[in-house]
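Engineer: coordinates for the following, if possible.
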Amino acid sequence: MNVAELKARACAAVDDLAEQLLDASHEIHAHPELNFAEHHAHDTLCAAIRQHGLDVTAHAFGVETAFDARAGSTGVTVAVLCEYDALPGIGHACGHNVIATAGLGAGLALASIAEQAGGRLRLMGTPAEEGGGGKIVLARNGAFAGIDAAMMVHPADADLVRMDTIALQQLSARFHGRAAHAAAAPWDGRNALDAAVLGYVNVAALRQHIRPTERIHGVFVRGGDKANIVPAETEMEWIVRSPTVHGLGELKQRVVTCLDSAAAACGCTTTHQWDPVTYADMLDNGPMVASYVANAAAVGRSVLDPAGVGRAVVGSTDMGNVSYLVPSIHPMIRVAPDGVAIHTVEFAEHAASPAGDRAVIDGAKIMAMTAIDLWCQPGLAAEATAAWRQASAARPAVDVLA
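Structural biologist: Numbers count the residues shown, from 1 in each chain. Below you'll find the model as predicted:
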């Protein structure tokens, strides 16, 4: 069976699965779940996989809401990744219901032809992308060992070859002062809220002197207990982003200096706790991207380079860490009209719209065909590996699982 015939069979399989895929997408969308608590989505996806005769390991690699299914016995190992966590308050405003079910469709279609195509499939459920670093946790537990290539699609307001992915780490900063009666003896107090406010102002001033590609944003989590008590304890949460995981270290230190100096000015102290996962930048794999673009054209999608059309989507994802471990792609698939940004209520509505449904089916077909290229196109998997090694060598050595 040649490549064209295999692709036709995979696309037909997705069409046969369409009703079930869209039902699953709407079901996950209607039941949004946060980091590492995606039990309904996990169970829904695992049940669908089992229904089609594919063995699936639930609660995989020590993560309660992860799963791992495998097919094929020889050849290149391609992983199709599913995300399904939501955002607090605004549900599936990142469209992870689309990611999950496009991945499900691609995985089931590929499983049905893996032996004939001479390839191996890994269909993986990777929870907690929205800040929890689920893929990083899975990687630490060996989930990506033996994988030759990994892929997923991410919803957006355009079809793009990539998201402009930057490195990220979250910081919890606490300011410690001394309580006092704000009217009777304010001089006895050391105002931790003042320290936090000055810290915010310091970071705001720092923003003028960072690169346009860097980002720092924070919120007050705790500001005090009562207005007539000098606040003794306050807390802030910050997210620090830089174009590469290597450059993130310097920016993190500058942020900490802003906060520490503010505390010192107010006679207070600080403690910092960096999140245990650091999101890396994304190494998009050129040969895999080219295959994806060609296969997208086959289903009527023109996938654009954001650098050429001024349509960049900037964000952070733990798929970046995966891309440092294996050749990977993270293209964007259109589910919303131009200008509707991810992480908005409006985008959440589009994720379960007819355009979102089309993205589920198209995304499943495009990924399945791209995996078939990796399995069957002579030399493509080797080209992907060579390009990944070259991109990795161009970056300073970092441990993306630290």
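Engineer: what ranges do the helices span in the stretch 151-300 of the chain?
Structural biologist: Applying DSSP state H, counting those that start in this stretch to the stretch 151-300 of the chain gives helices spanning 192-206, 245-265, 286-298.
Engineer: return the distance of A117 relative to V3.
Structural biologist: Remark: distance between A117 and V3 (Cβ to Cβ, to the nearest Å) = 9 Å. To be clear about C-beta, it is placed using only N, CA and C from the backbone, and glycine gets the same treatment.
Engineer: nope, A60 is what I was after
Structural biologist: Counting by Cβ to Cβ, the gap between A60 and V3 amounts to 31 Å.
Engineer: any shared contact partners between A117 and V3?
Structural biologist: Common contacts of A117 and V3 (Cβ atoms under 8 Å, 6 or more residues apart in numbering): I372, C376.
Engineer: the more surrounded of the two?
Structural biologist: Legend: neighbour count by other Cβ atoms under 10 Å for A117 and V3, higher for A117 (25 against 14).
Engineer: give the contact list for that one.
Structural biologist: By Cβ under 8 Å, 6+ apart, the residues touching A117 are M1, L6, G72, G75, L110, I372, W375, C376.
Engineer: how about the nearest residue to it once chain neighbours are set aside, secondary structure?
Structural biologist: Computed as Cβ to Cβ, 6 or more residues apart in numbering, the closest residue to A117 that is not its neighbour in sequence is W375, at 4.8 Å. Following DSSP: H, G, I helix; E, B strand; the rest coil, we place W375 in the helix state.
Engineer: touching, W375 and T77? I think so.
Structural biologist: No. Using Cβ atoms under 8 Å, W375 makes no contact with T77, being 9.5 Å away.
Engineer: residues in contact with A280?
Structural biologist: A167, T244, V245, G320, N321, S323, Y324, V398, V400.
Engineer: which of those residues has the weakest pLDDT?
Structural biologist: Within the contacts of A280, V398 has the lowest pLDDT, namely 85.
Engineer: residues near that residue, how many?
Structural biologist: 18.
Engineer: look up phi and psi at G95.
Structural biologist: phi 70, psi 30 (degrees, to the nearest 10).
Engineer: residues touching it, list them.
Structural biologist: By Cβ under 8 Å, 6+ apart, G95 lies in contact with H154, P155, V335, I342, F347, A348, H350, A351, G356, A359.
Engineer: related to what we said a few turns ago, list the contacts of the residue nearest to A117.
Structural biologist: Contacts of W375 by Cβ under 8 Å, 6+ apart are G75, V76, V78, A117, G118, G119, A381.
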